[in-house]
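Asks: 3D model of this:
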Amino acid sequence: MRIYLVGGAVRDQLLQRPVTDHDHVVVGAMPDDMLAQGFRPVGKDFPVFLHPKTGEEYALARTERKTGRGYHGFAFQADPSVTLEEDLARRDLTINAIAQDEDGSLVDPFHGVADIEARVLRHVSDAFVEDPVRLLRVARFAARFAPLGFTVAPETMALMQQMVRDGEVDHLVPERVWQETRRALGEAQPSAFLRVLRESGALAALFPEVDALYGVPQRAEFHPEIDTGVHVEMVVDAAARIAPGNDLVGYCALTHDLGKALTPADELPRHVGHEHAGLEPLQALSSRLKVPTEHAILAERVCREHLNAHRAFELKSSTVLKLLMSLDALRRPERLDVFLAACLADKRGRLGHENDAYPQADFLRAARDAAAAIQAGPLVARGLQGPAVGEAMERERVKAIDGVARG
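Replies: Here you go, the predicted model:
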């Protein structure tokens, strides 16, 4: 039995990044050998075990054989005859196909170390095309490592384009698409995820509502970057800086302007009413990807209300209250924080505006606090009952917001 550290742990060590997960591959062992040493089995499709003390994953070396369409269509072989190189050969990218033995020596049959040094995301073998999830994974790794200068190898991009043409991405289940998208939105540069998917053709196949934004012009005085697709790329990157790792803010940022793709050509580059037009495509996207309820709800609020946030100082106090109530912000202030982070990302996701101030956020938070301070108790003590209590609370909350200083 020989044990190797594999995958992300080795890659991240070489990149001098924090290592969070330690995965191991075991060569020359049977399941009974692992059980005899106290390992706990957890794998359903193939033999994976948890270390009795560390809880880290140890998988028996295995090979994969394509048996059908999609990413479920595989047969696995795991027995003592499978070599380390055979196990590494089934992995997606060369930078993930490096192993380290117990003495610290590297086993690198596919030159992953050279690709790390060259900052290239390159497929291990032509078997890459057999698993459509790999296309999403490459795009997600691009989002993670783009700040380090990584790009997708031309030959790998060509394979990804072939996968789209062959319809492999059509066999991806929504849950897996969302899982990879969610992780990508939490990476350092989510725009790279969009660009890689778009170049491969997968953005149009999986996210047609987002793909439709590219080439749609905006008014240059508000959007010097002009192209709405480019704007959305800048917004998701701004969201990643404002709320690192927060895919909820990221999803709101990604979908806030979907309505601009529906603007009639004779109205361009103006987009009157795009915040309402965007609700239907947003609901279609959220439903198709089966996104979590909170993501769907807050993305709709950001889509519909982000212009009101931008012009918060011009709104009537009653409109400010309606905005806060639509977010349920008086009871759940964290929702207002997500909303404002996405609106700030929209403000800063414009060429030359990356560091703009956003005093509207302070005003809306102060308005929320003032409105939330109005409670029913004193009104009931004055003898009000039933609907009169709610009506009085609304009037008092509007007055409280009136008293908040506006920028």
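Asks: the spatially most central residue of the chain: what's it in contact with?
Replies: Averaging the C-alpha coordinates of the chain gives a centre point, and the residue nearest to it by C-alpha atoms, centre = their mean is residue 185 (2.2 Å). Contacts here follow C-beta atoms under 8 Å, 6 or more residues apart in numbering; on that basis residue 185 touches 193, 236, 239, 240, 247, 250, 251, 254. Yep, even glycine has a C-beta here, placed from its N, CA and C like the rest.
Asks: cool, residue 63 as well?
Replies: Applying C-beta under 8 Å, 6+ apart, one finds that residue 63 lies in contact with 76, 77, 78, 82, 86, 87, 89, 90.
Asks: state the distance from the second one to residue 63.
Replies: With distances taken as C-beta to C-beta, to the nearest Å, residue 77 is found 5 Å from residue 63.
Asks: ok, back up a step: which one of the contacts of residue 185 is nearest to residue 364?
Replies: The shortest approach to residue 364 among the contacts of residue 185 belongs to residue 239, at 17.7 Å (C-beta to C-beta).
Asks: that closest one contacts residue 253, correct?
Replies: Yes. Under the contact definition of C-beta atoms under 8 Å, residue 239 touches residue 253, with a separation of 3.9 Å.
Asks: give me the common contacts of the two.
Replies: Both residue 239 and residue 253 are in contact with 342, 345, 349, where contact means C-beta under 8 Å, 6+ apart.
Asks: for residue 317, what are its contacts?
Replies: Taking C-beta under 8 Å, 6+ apart as the contact definition, residue 317 lies against 367, 398, 399, 401, 402.
Asks: helix/strand/coil for the first one?
Replies: Classification of residue 367 into helix, strand or coil gives helix, according to DSSP: H, G, I helix; E, B strand; the rest coil.
Asks: which ones are touching it?
Replies: Residues near residue 367 by C-beta under 8 Å, 6+ apart: 317, 320, 321, 324, 401, 404.
Asks: burial check on residue 323, number of neighbours?
Replies: Around residue 323 there are 22 other residues, counting by other C-beta atoms under 10 Å.
Asks: quick one: which of the shared contacts of residue 239 and residue 253 has the most company?
Replies: Each of the shared contacts of residue 239 and residue 253 was scored by neighbour count (other C-beta under 10 Å); the top score is that of residue 342, with 33 neighbours.
Asks: so who does the closest residue to that residue other than its chain neighbours touch?
Replies: On the basis of C-beta to C-beta, 6 or more residues apart in numbering, the spatially nearest residue to residue 342 that is not a chain neighbour turns out to be residue 252, at 3.8 Å. Under the criterion of C-beta under 8 Å, 6+ apart, the contact list for residue 252 reads 239, 295, 298, 299, 302, 303, 338, 339, 342.
Asks: over to residue 188?
Replies: Applying C-beta under 8 Å, 6+ apart as the definition, the contact partners of residue 188 turn out to be 143, 144, 146, 147, 240, 244.
Asks: tabulate these (a markdown table), appending pLDDT, secondary structure and distance to residue 114.
Replies: Formatted as a markdown table, the contacts of residue 188 follow (pLDDT from 0 to 100; DSSP: H, G, I helix; E, B strand; the rest coil; distance: C-beta to C-beta, whole Å):
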| residue | pLDDT | secondary structure | distance to residue 114 |
| --- | --- | --- | --- |
| 143 | 98 | helix | 23 |
| 144 | 97 | helix | 20 |
| 146 | 98 | helix | 19 |
| 147 | 97 | helix | 21 |
| 240 | 98 | helix | 29 |
| 244 | 98 | coil | 30 |
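Asks: and the helix or strand harbouring residue 85, what does it pack onto?
Replies: Take DSSP states H and E as the rule and residue 85 turns out to sit in helix 84-89. If you count contacts as 3 or more C-beta pairs under 8 Å, 6 or more residues apart in numbering; DSSP states H and E, helix 84-89 packs onto strand 2-6, strand 23-27, strand 63-66, strand 106-107.
Asks: in this protein, what helix or strand scores lowest on average pLDDT?
Replies: Taking mean pLDDT, DSSP states H and E as the measure, the helices and strands of the chain show their lowest mean at strand 74-77, namely a mean of 64.
Asks: how much space between the residue nearest to residue 245 when sequence neighbours are not counted and residue 138?
Replies: Taking C-beta to C-beta, 6+ apart as the measure, residue 245 lies nearest to residue 186, with 4.6 Å between them; neighbours along the chain are not counted. As judged by C-beta to C-beta, residue 186 and residue 138 stand 17 Å apart.
Asks: who has more neighbours, the two?
Replies: Between residue 186 and residue 138, counted using other C-beta under 10 Å, residue 138 has the larger neighbour count: 27 against 21.
Asks: check for me that the more buried one belongs to a strand.
Replies: No. Judged by three-state DSSP, residue 138 forms no part of a strand; its state is helix.
Asks: what pLDDT does it get?
Replies: Predicted confidence (pLDDT) for residue 138: 98.
Asks: what residues are up against it?
Replies: Applying C-beta under 8 Å, 6+ apart, we find residue 138 in contact with 92, 93, 121, 123, 152, 156, 160, 196.
Asks: hmm, try it at 7 Å
Replies: Taking C-beta atoms under 7 Å, 6 or more residues apart in numbering, we find residue 138 in contact with 93, 121, 152, 156, 160, 196.
Asks: looking at those residues, which are in helices?
Replies: Those of these mapping onto helices are 156, 160, 196, per DSSP state H.
Asks: my read: the second one touches residue 136, true?
Replies: What it means is residue 160. No. In this structure, residue 160 sits apart from residue 136 without contact. The criterion is C-beta atoms under 7 Å, and the distance is 9.9 Å.
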